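Student: build the 3D model from these lines:
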Amino acid sequence: MAALHIPLAFLLTFFLGFNIANSESFIGVNYGQVADNLPPPSATAKLLQSTSIEKVRLYGADPAIINGLANTGIGIVIGAANGDIPALASDPNFAKNWVNTNVLAYYPASNIILVNVGNEVLLYGDDNLKTHLLPAMQNVKNALDAASVGDKIKVSTVHPMTVLKQSEPPSAGIFDPALGDVLKGLLEFNDATGSPFSINPYPYFAYRGDPRPETLAFCLFQPNPGRFDANTKINYMNMFDAQVDAVRSALNAMGFKNVEIVVAETGWPYKGDGDEVGPSIENAKAYNGNLIAHLRSMVGTPLMPGKSVDTYLFALYDEDLKSGSGSERAFGLFKPDLTMTYDAGLSKSSQTPATSKSPVNPTPATPSHKPNQAAWCTPKEGTPDAQLQANLDYACGKIDCSLIQPGGACFDPNTVASHAAYAMNLYYQNLGGNPSACDFSKTAVLSNNDPSYNSCTYPGGST
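Tutor: The predicted structure is shown next:
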């Protein structure tokens with residue numbers, strides 16, 4: 001969790017309408033259907049309600065699924081197929097009928113929040129689709145406005161990371177100049193309508209291109225030396241933040257600082273063919289589990305601190321009819337029988353993933369005894385902010401950090417050092433005061449000096 005600097009007036013407005021301690025609206029999932037063994041939508045709706053997933057992205061507009069999610073409150077993203085783009089662009093009546101059939105027939109019982117017109121259109125070399133994309137989005141937006149729902153249901157499209165010509169270091173992120181005119185029009189639309197720039201960052205693919213152990217740790221949110229951005233003096237500790245901030249830099253460079261980013265897809269396969277690098281249960285569990293913990297910590301990214309980017313995990317289920325390598329059919333978080341492929345920490349009953357590798361320190365064993373004197377877990381003097389932020393990120397993925405969020409008793413002083421100190425101690429106390437829980441990659445130490453101050457009370461004390 002990065003330190004926040006937010007005006008008091010904004011905080012009052014924020015907390016009147018929204019309780020960040022209880023909301024995980026930033027966690028979504030992709031619901032692909034290239035399969036012949038998927039459970040019925042009604043069963044999927046019940047599954048989703050047992051998790052912290054609050055949004056679902058569809059690649060089309062399947063009536064059974066949209067109906068199945070009615071009255072659940074789950075946000076639904078639907079998609080218009082790439083093949084529909086020319087008709088949507090050239091015929092406003094086609095767009096109106098599309099909206100009537102795929103949106104108004106279900107809304108508001110089905111909580112449709114976004115319409116994606118096309119998927120990764122700029123990845124393909126079809127100039128006809130590229131030139132028709134913006135007019136298609138405008139006609140869909142006009143149809144939604146005509147039905148008086150345009151302020152509630154946004155319109156966008158989804159992009160691959162290949163729209164960036166450069167992404168390293170993150171501060172030097174720029175879009176491909178060959179797409180400049182097309183992207184400029186799309187971004188002007190996003191900016192004018194308040195819709196997000198949706199993109200698909202995959203640290204998994206970055207690792208496949210650079211399969212070194214240190215790259216794997218960087219991609220899985222595990223201990224690593226980080227990657228230093230000399231322009232901003234930021235040491236990035238994971239690939240997800242680096243990729244998202246590269247997109248942020250590219251948007252800023254084009255003058256669209258107010259356009260928000262949505263991660264439309266990200267994930268890691270749990271198995272693959274014998275010659276594929278990276279797929280495994282352990283890696284998939286580490287990536288998705290640690291990403292979810294990272295999002296829950298509300299740390300944000302270095303260029304967008306203090307909030308979590310809406311992120312749609314890929315994917316809800318395997319898609320057994322997909323072509324390509326084995327990994328293409330092995331991204332599912334859940335099996336068709338509704339059991340977990342592995343525990344990524346999404347279940348409401350247990351939101352701590354049972355990962356064998358954590359980003360900071362192993363899950364400690366149950367202690368046989370507690371310290372025999374007053375004891376609190378505190379950061380070692382001189383620990384760099386980057387490591388404190390990693391400690392904070394990890395701890396807040398396992399515990400309730402609401403007291404160091406805006407309005408909490410321990411929010412002030414609003415520094416990463418203060419917030420990390422509170423979170424590290426709370427993590428240590430919640431695990432029974434086991435000394436091994438106060439390690440944090442050798443950056444923590446036990447102390448008998450109570451760090452509580454003012455109305456901020458640190459759990460601990462004599463045992």
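Student: strands along the stretch 351-463 of the chain, start to end?
Tutor: Taking DSSP state E, counting those that start in this stretch as the criterion, the stretch 351-463 of the chain contains strands spanning 376-379, 444-447.
Student: same check, this time on the stretch 101-250 of the chain
Tutor: Under DSSP E, counting those that start in this stretch, the stretch 101-250 of the chain gives strands at 112-119, 154-160, 164-166, 174-175, 197-200, 227-229, 234-236.
Student: who does the second one touch, helix- and strand-wise?
Tutor: Going back to what we said before, that points to strand 154-160. Packing contacts for strand 154-160, counted by 3 or more CB pairs under 8 Å, 6 or more residues apart in numbering; DSSP states H and E, involve strand 112-119, helix 127-146, helix 180-193, strand 197-200, strand 261-266. Where C-beta positions appear, they are placed from N, C-alpha and C, glycine not excepted.
Student: L88 and S447: what is the separation?
Tutor: Using CB to CB, to the nearest Å, we find L88 at a distance of 63 Å from S447.
Student: who has more neighbours, those two?
Tutor: A direct count of neighbours by other CB atoms under 10 Å for L88 and S447 places L88 higher, at 25 against 15.
Student: about what we covered before: for the strands of the stretch 351-463 of the chain, which one ends up most surrounded?
Tutor: Looking across these with neighbours counted as mean count of other CB atoms under 10 Å, the highest average goes to strand 376-379: a mean of 24.
Student: okay, the residue nearest to Q389 when sequence neighbours are not counted: pLDDT?
Tutor: The spatial neighbour of Q389 that comes closest, neighbours along the chain excluded (CB to CB, 6 or more residues apart in numbering), is V416 at 5.4 Å. Listed pLDDT for V416 reads 88.
Student: coming back round to it: Throw the strands of the stretch 101-250 of the chain into JSON lines and include mean neighbour count, thanks.
Tutor: What follows is those, written out as JSON lines (neighbours: other CB atoms under 10 Å):
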{"stretch": "strand 112-119", "mean neighbour count": "24"}
{"stretch": "strand 154-160", "mean neighbour count": "23"}
{"stretch": "strand 164-166", "mean neighbour count": "16"}
{"stretch": "strand 174-175", "mean neighbour count": "18"}
{"stretch": "strand 197-200", "mean neighbour count": "24"}
{"stretch": "strand 227-229", "mean neighbour count": "17"}
{"stretch": "strand 234-236", "mean neighbour count": "20"}
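Student: any chance of those strands in JSON lines, plus mean pLDDT and distance to G408?
Tutor: Formatted as JSON lines, those follow (pLDDT from 0 to 100; distance: least, CB to CB, whole Å):
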{"stretch": "strand 112-119", "mean pLDDT": "98", "distance to G408": "29"}
{"stretch": "strand 154-160", "mean pLDDT": "98", "distance to G408": "31"}
{"stretch": "strand 164-166", "mean pLDDT": "97", "distance to G408": "37"}
{"stretch": "strand 174-175", "mean pLDDT": "98", "distance to G408": "39"}
{"stretch": "strand 197-200", "mean pLDDT": "98", "distance to G408": "31"}
{"stretch": "strand 227-229", "mean pLDDT": "95", "distance to G408": "31"}
{"stretch": "strand 234-236", "mean pLDDT": "95", "distance to G408": "26"}
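Student: between those strands, which one is closest to K184.
Tutor: Of all these, strand 174-175 sits nearest to K184, with 9.2 Å by CB to CB.
Student: got the end-to-end distance for stretch 409-421?
Tutor: This stretch, stretch 409-421, spans 14 Å end to end (CA to CA, to the nearest Å).
Student: could you check how far K152 is from G75?
Tutor: Using CB to CB, we find K152 at a distance of 11 Å from G75.
Student: can you check Q389 too?
Tutor: 29 Å.
Student: how about E265?
Tutor: Per CB to CB, E265 is found 16 Å from G75.
Student: same question for S90.
Tutor: For S90, the distance to G75 equals 30 Å [CB to CB].
Student: more neighbours: those two, which one.
Tutor: The residue with more neighbours, out of S90 and G75, is G75; 19 against 13, by other CB under 10 Å.
Student: can you list the weak-confidence ranges in the stretch 51-200 of the chain?
Tutor: Applying pLDDT under 70 to the stretch 51-200 of the chain picks out residues 125.
Student: hang on, the earlier thing: nearest to L38, out of the strands of the stretch 101-250 of the chain?
Tutor: Among those, the nearest to L38 by CB to CB is strand 112-119 (19.2 Å).
Student: from the chain's centroid, how far away is that closest one?
Tutor: The chain centroid and the centroid of strand 112-119 are separated by 18 Å, computed with CA atoms, centre = their mean, to the nearest Å.
Student: how much does that strand deviate in direction from helix 127-146?
Tutor: If you take axes from the mean of the first three to the mean of the last three CA atoms, to 10 degrees, strand 112-119 sits at 160 degrees to helix 127-146.
Student: buried ones in stretch 65-85, by neighbour count?
Tutor: For stretch 65-85, a neighbour-count test (16 or more other CB atoms under 10 Å) marks 65-70, 72, 74-80, 82, 84-85 as buried.
Student: start to end distance for it?
Tutor: The first residue of stretch 65-85 is 22 Å away from its last residue (CA to CA).
Student: relative to the whole chain's centre, how far out is that stretch?
Tutor: For stretch 65-85, the distance to the chain centre is 20 Å (CA atoms, centre = their mean).
Student: same deal with stretch 198-211?
Tutor: For stretch 198-211, the gap between its own C-alpha mean and the chain's C-alpha mean amounts to 15 Å (CA atoms, centre = their mean).
Student: again with stretch 420-437
Tutor: 26 Å.
Student: mean confidence for it?
Tutor: On average, stretch 420-437 scores 87.
Student: equivalent analysis for stretch 393-402, please.
Tutor: For stretch 393-402, the per-residue pLDDT averages 83.
Student: coming back round to it: overlap in contacts of K152 and G75?
Tutor: By CB atoms under 8 Å, 6 or more residues apart in numbering, K152 and G75 have these common neighbours: I113.
Student: middle-most residue in this structure, spatially?
Tutor: The chain has T311 as the residue nearest its centroid, 3.1 Å off, counting by CA atoms, centre = their mean.
Student: now do the contacts for it.
Tutor: T311 makes contact with F26, I27, G28, V262, V263, T266, L291, L295 under the criterion CB under 8 Å, 6+ apart.
Student: mind redoing it with 10 Å?
Tutor: T311 sits next to 26-29, 55, 201, 240, 244, 261-266, 291-292, 294-295 when contact means CB atoms under 10 Å, 6 or more residues apart in numbering.
Student: ditto for S349
Tutor: By CB under 10 Å, 6+ apart, the residues touching S349 are S50, T51.
Student: which element is the closest residue to H132 other than its chain neighbours on?
Tutor: Spatial nearest neighbour of H132, chain neighbours left out: A89 (3.8 Å); criterion: CB to CB, 6+ apart. Assessed by DSSP states H and E, A89 sits inside helix 85-90.
Student: and whichever helix or strand comes after that helix, what's buried?
Tutor: With elements assigned by DSSP H and E, the helix or strand that comes after helix 85-90 is helix 92-99. Of all the residues in helix 92-99, those buried under the rule 16+ other CB under 10 Å are P92, F94, A95, K96, W98, V99.
Student: out of those, who's nearest G255?
Tutor: Comparing the buried residues of helix 92-99 against G255 with CB to CB picks out A95 as the nearest, at 28.6 Å.
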